[in-house]
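# Give me coordinates for this.
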Amino acid sequence: MFKFSAAKTCLLPIIRFYLHKTQTAIDRNLHIEQLKQEFTPTDVFTTSEIFQFYKKFESEILKPTVNWRVYNLVNRNILERIGKGKFRLGSGNKFIPDLNTKHFKVSAAIKNKFPFTNYCIWDSSFIKEFSQHIPKTNFMLVDI
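Alright, predicted model coming up:
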């Protein structure tokens, strides 16, 4: 019987080198530092402006390539998507709901009784900071 452990140990440094090399090539093509110099954090810019920016470095760049680069920059929190085709530098504030023991108890009860069920629990108090009219009472919804 052939063991794969020897093959794994031989290939791991090569794979790691290749992945590191690929990542640095991607970073080089994104021109992150030049992008930060071109646009200020308060600027709102469009996809077409980003396309013109990358056209300075690569004259024959294709629109899908720029779209992929924008997608990558958004995922790396270098760009923030603020609308359809509109961006700005930086990342937005992440919404983290305030969970209490009641949420955990309901979740534990659902997991015990229905272990293979997908569910979603949310509370009306989660949206208070986004609401103009704040309700007096809160309620919990369980979506199964």
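# Give me the phi and psi for the residue nearest the centre of the chain.
Among the residues of the chain, residue 75 comes closest to the average C-alpha position under Cα atoms, centre = their mean, at 4.1 Å. As for residue 75, its main-chain torsions (degrees, to the nearest 10) stand at phi -70, psi -30.
# again with the one 4 residues further on
Taking degrees, to the nearest 10, you get phi -110, psi 150 for the backbone angles of residue 79.
# what's the distance between the closest residue to it other than its chain neighbours and residue 45?
Nearest non-adjacent residue to residue 79, counting by Cβ to Cβ, 6 or more residues apart in numbering: residue 73, 4.3 Å away. For the C-beta atoms, the positions are set from N, CA and C on the backbone; glycine is no exception. Counting by Cβ to Cβ, to the nearest Å, the gap from residue 73 to residue 45 is 12 Å.
# Likewise for residue 28?
22 Å.
# which one of the two has more residues nearby?
The neighbour comparison of residue 28 against residue 45 (other Cβ atoms under 10 Å) goes to residue 45, with 19 against 9.
# Helix or strand: which one has residue 112?
helix 101-113 (DSSP states H and E).
# My guess is residue 125 contacts residue 138. True?
Yes - using Cβ atoms under 8 Å, residue 125 is in contact with residue 138, at 4.4 Å.
# Compare the two and say which is more crowded by neighbours.
A count of neighbours by other Cβ under 10 Å puts residue 125 above the other of residue 125 and residue 138, at 16 against 12.
# hang on, the more buried one in a strand?
No - read with DSSP: H, G, I helix; E, B strand; the rest coil, residue 125 is helix and lies in no strand.
# residues touching residue 49, list them.
If you count contacts by Cβ atoms under 8 Å, 6 or more residues apart in numbering, residue 49 has them with residue 39.
# Helix, strand, or coil at it?
Under three-state DSSP, the three-state class of residue 49 is helix.
# which parts of stretch 128-144 are buried?
Residues of stretch 128-144 include none that count as buried (16 or more other Cβ atoms under 10 Å).
# Check stretch 100-109 too.
residue 103.
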